[in-house]
Structure formats: structure tokens, C-alpha cells
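Participant: got a sequence here, can you build the structure:
(one chain, ligands or ions: 3)
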Amino acid sequence: GYRKGGYHAARPGDRFAGGRFVAQRKLGWGNFSTVWLAYDTLLKRFVALKIQKSARDYAHAALHEIELLSAVAKGDPTNSKCVVQLLDHFKHSGPNGQHICLVTEFLGDSLLRLIRYNRNKGIGLSRVREICRSVLVGLDYLHRELGIIHTDLKPENVLLVSTINPSKDPVRSGFTPILERPVGNQYGGKVTSFSEKMLKIRARRAVAKISLRRVSLGGVGAEVEKERSLDGISMKCKIVDFGNACWADQRLAGEIQTREYRAPEVIIGSVYSYSADMWSFACMVFELATGDMLFAPKNCQGCNEDEDHLALMMETLGKMPKKIASSGTHSKVYFDRHGDLKRIRRLKFWPLERVLVERYNFTETDANGFADFLRPILDFTPENRPTAAECLKHAWLN
Ligand code: ATP
Ligand code: MG
Ligand code: MG
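Facilitator: Ligands and ions are numbered 1, 2, ... in the order given. From the prediction side, this is the model:
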């Protein structure tokens, strides 16, 4: 991580872009970057600052993300289409190299944290519906208006919109931005005089205050106990992380998506398109409703993760049509000429509706309604899957 070519080690109070943005606290990180809450001293608002690792490939990915997010922002001047808004970008030189930085609007917790707050029990169907609407608006915009495939839709990459918006209401949110690096904090130098000692104590308090007032579901300044309660939280959310996204007409062949959210056509090495995002969407929605991943493949004895994954899909969704099973560059590795898996012979069929009732204690009505929404999106034939716009019209959401 924090070495040449890797992450930039920022600290609260550090300034960026000629002093305009001041780092407040770390919001999250990924394989490519660390993301900080920062204060924009020019426009007097909080923003998110994504500081990319510095090595060439990461820089390249950041430039690509900037290109796509610029198109996103340009096509959505009112910022109402449920995709994160890019505000600025610049380069920052540090001890580990030169880092491309993206400034985006500040958002709240990821859906992954939301699932965890609920101790993996699911967040309730009305909240799931609310989130579905936002994500589908975002996907419809990306797919139909921009021609972008996200390729990495998953709970970590969908963030709630903070209800208390510190950029609009810093007073009510009770959060004072840090404008300087706290003196003599854990990173600081020796304490000599009495006044420096006082400064050090004050700085420690400042740091403690920041870490108590964690940025959570309610946004900056929300109380810790409110983090666990979902009542009164708007379920508006936005799609983030365009590091792997691509223009549909310039897609690179090969493996896309995070394992558990990966579409069958990607696993077997067949062509993919917007409908691969729809598959990930359905996997994510199941997880929101139940707290468990829909498919969590493992390496098993005598089979690899891909084969286990395909087997899990067929156990829940029925057999993959032979035509689809044989359509990929890896088809012959996994399937025999009858379209059966070569190395996993006995499948235990457990259809989606039954899983919802028998494992997750859904009522028959809830299970049928929900499965009715999800099943068509989990069609093995990519062209049969409904588009985001079609999903928005589904009875389950209306
Ligand atoms: P990945 O390894 O998934 O590609 P990445 O390095 O590209 O990650 P992001 O996914 O963009 O980074 O961001 C990492 C994390 O930072 C997110 O999962 C989220 O927790 C937090 N984050 C990102 N953008 C924002 C934002 N605008 N507001 C608040 N938090 C954010
Ligand atoms: Mg990410
Ligand atoms: Mg990324």
C-alpha cells in the first residue's frame, strides 16, 4: 500500500490543489485509492477526495475514470440521475510519487455498511425497493443515455446520499472543518514547552472529536447510536467507482466484475454488454433483502471457483440453456456436449422463491413478488434480461 507507486499517506489537515482542499478524515479505500472527506475552502463545502495510487497503471485508470465521470456530469447538469458527480481533478505530488486526485460530491455510507449495520439480516423490502429505484435510475442513465457499462456494481460501490448535508448545512450537522494539521498529534514531533503541551492536548481532543463524529448514514456529525437505526434515513443512493467502467462500444474482452456479482456470460468467456450490470444488480438486491450473497462460490474438491459458481447459479435458477452454455471461449472447459457441467454432476435444485421462504422466512406473498422481480433479471440468456428502464416499470416497484 503506502510505498512508491502506492497510496499517498494523507493526514487530517493536509492541503491539496494549492491549498484549496483540506483533508479531514479517511472515508474508505479500495485497491486503487484512498478516499478522504475534504473541505473545499473555496466553495466552503465538504467533498470526497479520491487519491489514486501513483504507479502508471493506476494513473491510467484514474484518467479513464475522469473521462467517464466527466461524461456523466455533462449529461446530468442537475445531478439527479443517481450517479456520483465529479467536481474537479488534479495531480498531487507526495513521497510515493504523483497521484491523480478526483474530487466528487461527498456521499454517505456504502450499501455494504448498511447491510452490516443490520447484522446481515436484510434491510426490509420497502428500503430495498427505494434503493432499487435509485440504482435503476442510475443504470438507465449510464446504459441508455451514455452507453457506459459499469462492470463492477456491488454493495461497496453504491453509496447512500447523506441526509444531513454538511455542504448545505454545516451548522446543523455540527461539524467544524479542520483547516490545519493538528499540532503534536500522533504523527507530530517532540513536546517541549508548556504551551506546546497544551496544544498537543487540544489537538488530541480535536482528533478524538473527529473520530467520534463518524461520517455515517446520517452524514457528518450524526450520533454514533443513530448509525444503527435506519429510521428516517432517506434511501436515495448513487453509483460510484468508475475505475473499471467502459464504453459499450470499446469494451475490453476478458474478466470483468467482482466474483460474486459476475454474470454467467463473463464466466464462460462469451460476449457481455449492459445486461451484465443487470445481473450484478439482481445479486446485490438479493443481498440487501436477505443479508447474504446470492452466490458465494468456493474452490471445492475437484472443481474451481468458476465451476462452483455455475453450479450454484443452476441450483437456484435451473439449467443453463445448452446454446448459452456452449457460447463462450471457456465453454468446453466446464461443459460437456449435453450442456452439463463436466465435474459437478449432482446439482441440488432449490429455486429462488423456495430459498426466500425456507431459508429467509419470507411470506409466500413477499417471496413471490420479490422473485417475480428478480428472476427475469437473472436470465442466463443476456438478451432476455429486462433493461433498467423496464425494471423501473415492474409492478414490484410500483
Ligand atoms: P475499488 O478497489 O473498488 O476499485 P477504488 O480504489 O476505485 O476501489 P472507490 O470504490 O471509488 O475506490 O472508493 C473506495 C471507498 O471510498 C468506497 O467504497 C466508499 O466507502 C468511499 N467513497 C468513495 N467515494 C465516496 C464519496 N463520494 N463519498 C463518500 N465516500 C466515498
Ligand atoms: Mg470500489
Ligand atoms: Mg475502482
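
Participant: around ligand 1, pick out the residues from this protein.
Facilitator: Contacts of the chain with ligand 1, taken as Cβ under 6 Å from any ligand atom, map to 27-33, 35, 48, 50, 84, 104-107, 110, 156-157, 159, 240-241, 243. C-betas here are computed from N, CA, C, even on glycine.

Participant: those in strands, which ones?
Facilitator: 27, 28, 29, 33, 35, 48, 50, 104, 105, 159 (DSSP state E).

Participant: got CSV for those residues, with distance to residue 68 and neighbour count too?
Facilitator: CSV is the format used below for those (distance: Cβ to Cβ, whole Å; neighbours: other Cβ atoms under 10 Å):
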residue, distance to residue 68, neighbour count
27, 21, 21
28, 20, 19
29, 20, 14
33, 15, 25
35, 17, 21
48, 17, 21
50, 13, 28
104, 12, 21
105, 16, 21
159, 17, 27
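
Participant: what's the most distant pair in the residues you listed?
Facilitator: Using Cβ to Cβ, those span at most 18.5 Å, a distance reached by 29 and 105.

Participant: ramachandran coordinates for residue 12?
Facilitator: Phi and psi for residue 12, reported as degrees, to the nearest 10, are phi -50, psi 140.

Participant: so it makes contact with residue 37?
Facilitator: No. Residue 12 lies out of contact with residue 37 (Cβ atoms under 8 Å); the separation is 9.3 Å.

Participant: what do the two both touch?
Facilitator: Residues touching both residue 12 and residue 37 by Cβ atoms under 8 Å, 6 or more residues apart in numbering: 23, 24, 25.

Participant: contact partners for the residue positioned nearest the centre of the chain?
Facilitator: With distances taken as Cα atoms, centre = their mean, residue 157 lies nearest the centre of the chain, 0.7 Å away. Contacts here follow Cβ under 8 Å, 6+ apart; on that basis residue 157 touches 110, 150, 239, 240, 241.

Participant: again, but for residue 34
Facilitator: Contacts of residue 34 (Cβ under 8 Å, 6+ apart): 7, 8, 10, 26, 28, 50, 51.

Participant: try it again with 6 Å
Facilitator: Shown in contact with residue 34 (Cβ atoms under 6 Å, 6 or more residues apart in numbering): 7, 51.

Participant: and it, bridged to which residues?
Facilitator: As for beta bridges, residue 34 partners with residue 29, residue 51 under DSSP bridges.

Participant: now do the one 4 residues further on
Facilitator: Legend: beta-bridge partners of residue 38 under DSSP bridges are residue 23, residue 47.

Participant: which parts of the protein are strands?
Facilitator: For the chain, the strands defined by DSSP E occupy 15-16, 21-29, 33-40, 45-52, 86-94, 97-105, 148-149, 158-160, 237-239, 246-247.

Participant: pick the one among the ones in strands among the residues of the chain next to ligand 1 closest to residue 355.
Facilitator: Nearest to residue 355 among these is residue 159, at 28.2 Å by Cβ to Cβ.

Participant: now do the closest one against residue 135, distance only.
Facilitator: Note on residue 159: its distance to residue 135, by Cβ to Cβ, to the nearest Å, is 11 Å.

Participant: so what's the gap between stretch 302-313 and the chain middle?
Facilitator: 25 Å (Cα atoms, centre = their mean, to the nearest Å).

Participant: meant to ask about stretch 24-38, not that
Facilitator: Using Cα atoms, centre = their mean, the offset of stretch 24-38 from its chain centre is 13 Å.
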